[in-house]
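[1] Output the structure for:
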Amino acid sequence: MAESHGAVQDRHIRLFAEMARELLAQDTVDDVLQRISELAVETVKGCEAAGVMLLDRRRHTLETPAATHEFVRASDRAQFECDEGPCLDAARHEQSFRVDDMAAETRWPSYRPRAVELGVGSMLGFELYTHDSTLGALDLYSTRANAFGPDALEIGWAFASHAVVAIAAAQREATLRSGYETRQEIGEAVGIIMERRRLTSDQAFAVLRTASNNTNTKLREVARSVALTGEIPEI
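    Numbering: from 1, shown residues only. Below is the predicted model:
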């Protein structure tokens with residue numbers, strides 16, 4: 001017996017609530033991205049593999065930090081090399097896409113034959129977030145044509161929307177953790193320089209800053225070196 005529309009909605013609400021709790025419990029941004037990929041396969045009917053593509057507009061680089069299968073990364077590399085493809089479109093233009101039959105697809109003429117060779121039958125893609133100069137997309141794959149049902153795009157979009165919240169939370173936490181660790185390292189290095197050189201805290205910090213400028217090295221890295229080795233840079 002088929003589920004009623006209300007029952008389906010209730011099931012999806014429970015599913016996304018559980019997903020949100022699980023994602024927010026992950027420790028790092030990379031953990032969140034990997035779990036998003038895994039949950040996409042578990043959640044969206046017809047999805048056999050999934051991954052997250054990140055495109056850096058300033059550096060003109062692409063990476064796939066999370067994927068459930070290696071051919072997802074191979075597909076991303078093919079799109080980057082061809083400078084076209086559905087995942088790139090999702091990231092660049094911040095929109096969702098649907099490919100029901102890759103073999104019959106007329107868009108992306110350079111990428112399409114490579115996708116077919118990789119075994120891609122059908123795809124869904126969703127923009128994930130924009131962070132500084134980085135664009136993101138969540139891409140869902142099947143080796144079969146017409147694998148995704150009529151409601152798959154809507155469900156996938158709701159899934160991606162919940163994923164964005166978890167990603168933003170993980171990024172905020174990572175930024176706070178990084179700032180705290182940086183302050184600790186700088187403070188430890190300043191203390192070492194103050195003791196060794198008999199300097200005030202301002203003078204010791206100036207030593208770090210001058211060494212950073214002279215060597216074109218980030219202040220945090222100079223401080224970390226001092227803290228780890230006890231060696232004070234000559235300026």
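
[2] Let me see the residues that make contact with the host helix or strand of R112.
    If you go by DSSP states H and E, R112 is part of helix 111-118. Residues outside helix 111-118 that contact it (CB atoms under 8 Å, 6 or more residues apart in numbering) are F71, A74, S75, A78, Q79, C82, E84, G85, M102, A103, E105, W108. For the C-beta atoms, the positions are set from N, CA and C on the backbone; glycine is no exception.

[3] Counting only strands, which of those residues make the cut?
    Judged by DSSP state E, strands contain none of the contacts of helix 111-118.

[4] what's the distance between stretch 83-96 and the middle of its chain?
    The chain centre lies 15 Å from the centre of stretch 83-96; the measure is CA atoms, centre = their mean, to the nearest Å.

[5] Which residues does it contact?
    By CB under 8 Å, 6+ apart, the list of residues contacting stretch 83-96 reads 53-55, 75-76, 78-80, 97, 99, 107-111, 115, 123-127, 130, 135-139, 153, 156-157, 160.

[6] Just the ones of these in helices?
    S75, D76, A78, Q79, F80, Y111, A115, L153, G156, W157, A160 (DSSP state H).

[7] Count the neighbours of the second one for me.
    The tally of other residues near D76 (other CB atoms under 10 Å) stands at 24.

[8] check contacts around the residue nearest to it when sequence neighbours are not counted.
    Spatial nearest neighbour of D76, excluding adjacent residues (CB to CB, 6 or more residues apart in numbering): T64 at 4.7 Å. By CB under 8 Å, 6+ apart, the contact set of T64 is G51, V52, M53, L54, V72, R73, D76.

[9] Tell me the buried residues in the helix or strand hosting T64?
    In the assignment (DSSP H and E), T64 maps to strand 61-67. Residues L62, T64, A66, A67 are the ones in strand 61-67 that count as buried (16 or more other CB atoms under 10 Å).

[10] before we move on, what about stretch 186-201?
    Neighbour count says stretch 186-201 has I186, A189, V190, I192, I193, M194 buried, by 16+ other CB under 10 Å.

[11] Strands along this structure, start to end?
    49-56, 61-67, 97-99, 122-131, 134-142.

[12] Contacts only, for Y141.
    Y141 sits next to C47, E48, A49, A50, G51, H69, F71, V72, S75, V120, S122, M123 when contact means CB under 8 Å, 6+ apart.

[13] For the first one, grab phi and psi.
    Note on C47: backbone dihedrals following degrees, to the nearest 10 are phi -80, psi 130.

[14] where does the chain dip in pLDDT?
    The chain contains residues with pLDDT under 70 at 1-27, 59, 129-135, 171, 173-181, 235.

[15] most distant residue from the middle of this protein?
    What lies farthest from the middle of the chain is R198; by CA atoms, centre = their mean that is 45.7 Å.

[16] Please report how far it lies from V226.
    16 Å (CB to CB, to the nearest Å).

[17] Please parse this structure into its domains.
    Domain ranges of the chain: 5-175, 176-229, per automatic domain parsing.

[18] ok, and which of those domains has the densest surroundings?
    Neighbour counts (mean count of other CB atoms under 10 Å) averaged over each of the domains of the chain peak at domain 5-175, with a mean of 18.

[19] ok now do E231, which residues does it touch?
    Applying CB under 8 Å, 6+ apart, the residues near E231 are S225.

[20] go again using 10 Å as the cut-off
    I192, R196, S225 (CB atoms under 10 Å, 6 or more residues apart in numbering).

[21] And for A145?
    Here A145 is in contact with V99, D100, D101, M102, A103, A104, V120, G121, S122 (criterion: CB under 10 Å, 6+ apart).
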